[in-house]
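Q: sequence first, then the predicted structure, then my questions.
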Amino acid sequence: METSFTDHKWYVKYTYVLAGLILTVYAMIMAKTVLLPFLFALFLSILLSPISRWLESYKVPRFLGALAALLTGIGLLFGLGYFFYNQITAFAADADMFVERLEDLLEEAEAFLSTWFVIEGGLNLDRAVNEIVDYVQDNAESLLSGMTGVASTVTAFFLVPIYMFLILLFRDLLKNFVLKAFGKGEPVREEKVAKIVTKMKTLVQRYILGMLMVIGILAILNSTMLLIIGVEHAIFFGVFAAMLNVIPFLGPIMGSILPILYALITMDSLIYPVIILLGFYIIQLFESNLFTPVIVGSQVSMNALVTLLLIFIGAQIWGLAGMILFIPLGAILKIICDEIESLQPYGYLLGRSKGDKSEERSGLAKKISEFSEKAKEKVDFNEYKESDNGGEDSEPESTDKKSDEKETVSDR
C-alpha cells in the first residue's frame, strides 16, 4: 500500500524538506558560474524579445531579429560603460587634491585628539598606506584566490550575449518545452502553465523597464540636487547612487555614502554632508512612495520582511549578483504560488497586505494606489487578450491577417 508525502510524520517531512533546501542551496553555490550568466541572459532576453518580435512581424528572419535585439542591448550597455569611463577619468584627475585634503583632515583630527584626549601619533596617512601594504603582503594568497574567483565570474559573464542570442532564437522551443513538461498533455494544465508563463514574462519586462525608468528619474534628481549644493562630479555620484537602487533598502544607503564622504572631505563646512543626506532622504521618500508604486507596479513588489530576507539570502549565496537577482526571482515565485492552489498561502506570505489602515492614508497615497491598480488591471487585460490570440508565437500571423484585411478594405 503506497503512502503519500502528507501521510508521513512531521519529522519525516521536515527531514525531506530540509534535505531538499540544503541540496538546492549547495547546487546554486556550486553552479554559480553557470546559473548567474544564464539568469541574467534570460531576464535581458525577455526584456529585448519585443524588439525581435516586432522585426519578425515585418518578415525579418528570426536570426536577424534576435541579432538586432542583442546588438541594441549591447549598444546601450557600451554607452553606459563609456559614460562611467569618462566620469571616473575626471574623478581620478582630482586624486591629488583629494589626498591633500584627506591629510589635512587627519592632521586636524590628530590635533583635536592630542588636545582633548592626550592621544598622539594615532592618525597618519603614510602609516595607513603602510598598514594596507603589509596586509596585502600577509594575505596575498587568499587575495589571489579571491581575485581568481572574481576573474572566473567576469569571464563567465562574457557568455551572457551568447545565451541571450540563443534564448531569443529558440524561445518558442523553450516555451513549448515548459508547456509539455508541466502541462503533461492536459489542456487545463497547459492553459494554466501558459498563463503563468505569460505573467512571468510580463513581470520581468515590467520590473526591468520600470527599474530603468526609476533609475533614470533618480539619476536626474540626484544629480540636480548635488549640482545645486555645489558638489564636484555631481553627475557621476547621482547616476551611481541611482543605479544602486536596484538593491532595495540597502542600495540607496550605499549610494549616498560616497557623495557624503566626498563632501565631508572636500568641502569646508559640515553642513554640506547633512544637506546631502537630507536630500537623498527626501528623494528616496518620493521613490518608495510615488515612482516605484506607479512605474514598476504593485504586482512586482513584496513585503519588506520577505524582501530583506531575499536580499541577505541572495548575498550569502551569490554575493552582489544574488542581491539583485533574488528580488525578481522572489516575485516569480510569488506568481507561481498564487496560481497553484496548494501554494497560495505562501504567495500570500510573500505579497503585501493591504492592511486595515487604508482609510488613514493621505490623499496622495490613495491616488497613487488607485492609479497603480488601474494600470495593473489594464496590463492584465492586455495579457489575457494576448494569450487568447495565441501568445507571442502567433503574433506574426496576426499582423499578416491585419495587413490582408487592410488590403481587402482598400480594394473595396
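A: Nice, thanks for sending it over.
Q: what's the longest helix seen in the chain packed up against?
A: Ranked by residue count under DSSP state H, the longest helix found in the chain is helix 187-229. Counting by 3 or more CB pairs under 8 Å, 6 or more residues apart in numbering; DSSP states H and E, the packing neighbours recorded for helix 187-229 are helix 32-56, helix 171-183, helix 234-243, helix 250-266, helix 271-286, helix 320-339, helix 363-388. In this view, the C-beta of every residue, glycine as well, is placed from N, C-alpha and C.
Q: how about a cut-off of 7 Å?
A: Secondary-structure packing of helix 187-229 (3 or more CB pairs under 7 Å, 6 or more residues apart in numbering; DSSP states H and E): helix 32-56, helix 171-183, helix 234-243, helix 271-286, helix 320-339, helix 363-388.
Q: can you redo those helices as JSON lines with mean pLDDT?
A: Output for these, formatted as JSON lines (pLDDT from 0 to 100):
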{"stretch": "helix 32-56", "mean pLDDT": "90"}
{"stretch": "helix 171-183", "mean pLDDT": "88"}
{"stretch": "helix 234-243", "mean pLDDT": "89"}
{"stretch": "helix 271-286", "mean pLDDT": "88"}
{"stretch": "helix 320-339", "mean pLDDT": "87"}
{"stretch": "helix 363-388", "mean pLDDT": "52"}
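Q: pLDDT below threshold where in the stretch 1-150 of the chain?
A: Residues of the stretch 1-150 of the chain meeting the criterion pLDDT under 70: 1-8, 94-96, 98-99, 102-150.
Q: and the helices in it?
A: 10-30, 32-56, 62-93, 95-116, 125-138, 140-157 (DSSP state H, counting those that start in this stretch).
Q: show me what counts as buried in the second one.
A: By neighbour count with 16 or more other CB atoms under 10 Å, helix 32-56 contains the buried residues 32, 35-49, 51-56.
Q: ramachandran coordinates for the residue lying closest to Ser45 once chain neighbours are set aside?
A: The shortest distance from Ser45 to any non-neighbouring residue, by CB to CB, 6 or more residues apart in numbering, is to Ile167 (4.2 Å). Ile167 adopts backbone torsions of phi -70, psi -40, taken as degrees, to the nearest 10.
Q: state the pLDDT value of Ile167.
A: Ile167 is assigned a pLDDT of 92 by the prediction.
Q: OK, contacts around it?
A: If you count contacts by CB atoms under 7 Å, 6 or more residues apart in numbering, Ile167 has them with 41-42, 45, 174.
Q: Leu209: which of these is nearest?
A: Ser45 (14.0 Å; CB to CB).
Q: can you tell me how far the closest one sits from Phe38?
A: For Ser45, the distance to Phe38 (CB to CB, to the nearest Å) stands at 10 Å.
Q: neighbours of Pro252, just the number please.
A: A count of nearby residues for Pro252, using other CB atoms under 10 Å, gives 22.
Q: same thing with Gly81?
A: The burial count for Gly81: 10, using other CB under 10 Å.
Q: likewise Glu186?
A: For Glu186, the neighbour count with other CB under 10 Å is 10.
Q: quick one: pLDDT of it?
A: Predicted confidence (pLDDT) at Glu186: the value is 82.
Q: from Met243, how far out is it?
A: Distance, Glu186 to Met243, using CB to CB: 45 Å.
Q: and for Gly319?
A: Relative to Met243, Gly319 is positioned 17 Å away (CB to CB).
Q: now Thr224
A: From Thr224 to Met243 the distance is 16 Å (CB to CB).
Q: surely Phe255 is in contact with Val239?
A: If you look again at residue 255, you'll see it is Gly, not Phe. No. Assessed by CB atoms under 7 Å, Gly255 is found out of contact with Val239, at 9.6 Å.
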